[in-house]
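J.: Structure, please.
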Amino acid sequence: MLTKVYGSAVFGIDATTITIEVNVDIGVGYYLVGLPDNAIKESNYRIAAALQNNGYRIPGKRITLNMAPADLRKEGSAYDLTLAIGILIASGQIKEGNVSDFVIMGELSLDGGLHPIKGALPIAIKAKEEGFKGFILPRENAAEAAVVEGLDIYGVDSIIEVIDFFDEKAELTPLKIDSREKFYKEVEFPEFDFADVKGQESVKRCMEIAAAGGHNIILIGPPGSGKTMLAKRLPSILPPMTLYEALETTKIHSVVGKTGNSGLMTQRPFRNPHHTISDVALVGGGSYPQPGEISLSHNGVLFLDELPEFKRSVLEVMRQPLEDREVTISRARFTITYPSSFMLVASMNPSPGGYFNDPNAPVTSSPAEMQRYLSKISGPLLDRIDIHIEVNPVPFEKLSGDAREGEASLEIRKRVTKARSIQTERFSKLENMHYNAQMSTGQIKLYCRLDEESKQLLKEAMERLQLSARAYDRILKVARTIADLEGEYNIKASHIGEAIQYRSLDREGWLG
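T.: Modelled structure (predicted):
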C-alpha cells in the first residue's frame, strides 16, 4: 500500500514542504531514499523501538520511503514521527483518515515520547501558505508555532496520541494563542536599568543618540569605568519591537532552537559572544549553514567586549554585513541569505595596560605597544562605527550612596521612541528603512542638508582630522539623529559640532 505524509525542511530562515511517500510491498527490506543525512538514516532504530513499546511494529515486508523532492538534502531527527506515521498507515495498522491535511514533525525517543524540534515557526508559516489545516508537533514547540494564525497547532507528548487521533480513538485540542493581544499587552520591565548608573552623563547621552538612530557605538576607557555596565543597559532604552520585528526575530531564533517555550519573542535580542569566537560562528555558515551571532542579533544589539582581543579575521568579516544589513552564505548547490540588521556596541581599553596617557596609572604602555594594540582594529571597520566615546572612571563622590540616582531607562526610552517615530514617518515610503543609520548616500543628501555655518564647521573638522568620506556620512547621520531628538527639522551647527565630538578615534593621538 502506498501513502503520503508531509513534513518540512528548513533552509536559511524559510521552510520547504517535504512529501514522504511510503510504500509497503511483498518482500523484505527497509529503503530510505531522497538524500537523508545520517540522523535520518538512523531513524529506523528509534521508530522500531518506539512502535514496539506502544503495541505496534514495523512490518516484516519491503518498505520504501522516499523524501521528495529527492534532490534536496534533508537533515536532522525531526522526521521520526512523520516516517513512523507513514509506515503505520501504509501497513494498515492505523487509519489514513485526513492525514494529508497535516504537517507532522517530531523526534522520537525509544518509549514513544517526543523531543522538541528546530524551526517550528517557519514550518508553521509555510504550512499555512500551502493550505494545510493543521500542524502536529512536540508540545514544547506548540507555543512557538501557535503564533501563526489560521493554522491549527496540535502539541503532543507521544506518538500514541497521534496514533489515537488518526484512529479516531481520541481528539486533539488545538492550542489557541492570540499573538497580537499577548504581544501588545506584555509590559517589559528591564533587568538592567540606566537608573543604576551613577555619573557618566555624557556617555548616557551618547547611548541615547545611538538608540534613537540605530547607530553603532564604541566605548573606550580604562578597566572598571563602566563600559560593560552601560552596554548591557542599551536594550532597555531601545523602542519596543513591532509585531513584524518580533515575528522576524523569533523566526531566526526558531531555526537554531533558541526560543524555548516562550513563543513569540517580545524583547530585543542582546548577544555577547566571547572574543575567542570564530568567523563562521559570528557571521553564520558551516557544512549545513546556520545563522551566526550577527543574525541572532537581528533587530537587537551585538556587544563585542574588548574589541581588540577578537581575531582580526573575525572582525573583518563583519564589514559587509554592517553595510548591507544581511549576510549571504554561498555553497556549491545553494545560497542562503540571513538578515543581520543589528546595532554594534563595542568596548575596548585604550592600551594593552588599560590606561592611556595617565601618569598615575598602575600600568603604562609604550607608544609602540599602544599602536600595535590599536592597529588590531582596521580603519575601515572603525569607519563603520558611527559614535566613538571615551568613558572616564567615575569619582567617589558620584559613586557614594548620597549621589543622585540616574534617570530611569523608561524615561529615556520615551525620548528615543519619539525620535524613532519621526524617522519612521520620514522613511515611510522607503522599503526596509526605519531609522537614520540605514540611510544611503542619496538619502543623506536629501535629509541631511546643511546651512553655511554647519558646512564650514564640518569642512574644518574633515581637514583637521583627515576624515574619510564614510566618516563624513556617519557625522551627518548622527547629526540628523541629534536634531530628531530635539524635534528640529533642520540640522544646525550645534548638532554637527556634537556629532564631530563623537569621533574620538579619528583624533590625533589615538590611531596615529
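J.: Burial check on F270, number of neighbours?
T.: 21 (other CB atoms under 10 Å). The C-beta positions use only the backbone N, C-alpha and C, and glycine is treated the same way.
J.: ditto for the one 3 residues further on
T.: The criterion is other CB under 10 Å. On that basis, P273 has 20 neighbouring residues.
J.: change the start of the numbering to 51 and stick with it
T.: Let's use 51 as the start, then, which means that last one is P323.
J.: Could you tell me which residues make contact with it?
T.: Contacts for P323 (CB atoms under 8 Å, 6 or more residues apart in numbering) come out as A331, L332, E343, L352, L354.
J.: Next: G156.
T.: So G156 contacts A128, D130, L131, T132, L164, H165, I167, I186, L187, P188, V206, I209 (CB under 8 Å, 6+ apart).
J.: Swap in 6 Å and give it another go.
T.: Applying CB atoms under 6 Å, 6 or more residues apart in numbering, we find G156 in contact with L131, L164, L187, P188.
J.: could I get the residues you listed as TSV with pLDDT, secondary structure and distance to L297?
T.: TSV is the format used below for those (pLDDT from 0 to 100; DSSP: H, G, I helix; E, B strand; the rest coil; distance: CB to CB, whole Å):
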residue	pLDDT	secondary structure	distance to L297
L131	97	helix	26
L164	97	strand	25
L187	96	strand	18
P188	96	strand	21
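J.: Would you reformat those as a markdown table and include distance to S347 and neighbour count?
T.: Compiled in a markdown table, the contacts of G156 are given as follows (distance: CB to CB, whole Å; neighbours: other CB atoms under 10 Å):
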| residue | distance to S347 | neighbour count |
| --- | --- | --- |
| L131 | 33 | 29 |
| L164 | 31 | 27 |
| L187 | 27 | 28 |
| P188 | 27 | 23 |
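J.: ok so, going back, what about the contacts of P323, which are in strands?
T.: L352, L354 (DSSP state E).
J.: center of this protein - which residue?
T.: Central residue of the chain (CA atoms, centre = their mean): L346, 2.3 Å from the mean position.
J.: where's that residue relative to E258, distance?
T.: 25 Å (CB to CB, to the nearest Å).
J.: And for K509?
T.: Counting by CB to CB - K509 and E258 are separated by 28 Å.
J.: Which one's more surrounded, the two?
T.: For K509 versus E258, neighbours defined as other CB under 10 Å are more numerous around E258 (22 against 11).
J.: Quickly find the element holding the closest residue to the more buried one other than its chain neighbours.
T.: Spatial nearest neighbour of E258, chain neighbours left out: I462 (5.5 Å); criterion: CB to CB, 6 or more residues apart in numbering. Here I462 sits within helix 459-476, counting by DSSP states H and E.
J.: ok but V55 is inside a strand, no?
T.: Yes: judged by DSSP: H, G, I helix; E, B strand; the rest coil, V55 forms part of a strand.
J.: which residue packs closest to it, ignoring adjacent ones?
T.: Nearest residue to V55, sequence neighbours excluded (CB to CB, 6+ apart): G136, at 4.3 Å.
J.: which residues touch the helix or strand harbouring that neighbour?
T.: Using DSSP H and E, the element containing G136 is helix 130-140. Residues outside helix 130-140 that contact it (CB under 6 Å, 6+ apart): 51, 53, 55, 57, 70, 72, 74, 93, 96-97, 144, 146, 154, 156-158.
J.: if you set the cut-off to 8 Å instead, what comes out?
T.: With CB under 8 Å, 6+ apart as the test, helix 130-140 has contacts from 51-57, 68, 70-74, 82, 93, 96-97, 100-101, 106, 108-109, 113, 115, 144-146, 149, 154-158, 164, 186, 209, 212-213, 216.
J.: The residues you listed in helices, which ones?
T.: If you go by DSSP state H, the contacts of helix 130-140 have S93, R96, I97, A100, L101, I209, V212, I213, F216 in helices.
J.: wait, the last one sits on Q143?
T.: No: using CB atoms under 8 Å, F216 is not in contact with Q143; the gap is 10.4 Å.
J.: what about these two, which has more around it?
T.: More crowded of F216 and Q143, by other CB under 10 Å: F216, with 21 against 16.
J.: what pLDDT does that one get?
T.: We have a pLDDT of 95 for F216.
J.: What does the closest residue to it other than its chain neighbours show for phi and psi?
T.: Spatially, and ignoring its direct neighbours in sequence, F216 is nearest to G147 (4.8 Å; CB to CB, 6+ apart). Main-chain dihedrals, G147, degrees, to the nearest 10: phi 50, psi -140.
J.: Let me know whether G147 touches E218 as I believe.
T.: Yes: G147 lies in contact with E218 (CB under 8 Å); the separation is 7.1 Å.
J.: These two: who's more crowded?
T.: For G147 versus E218, the count of surrounding residues by other CB under 10 Å is larger for G147: 13 against 10.
J.: distance of that one from N116?
T.: Applying CB to CB to G147 and N116 gives a distance of 22 Å.
J.: can you check A469 too?
T.: Distance, A469 to N116, by CB to CB: 56 Å.
J.: If you count surrounding residues, which of those two has more?
T.: Per other CB under 10 Å, whichever of A469 and N116 has more neighbours is A469, with 25 against 16.
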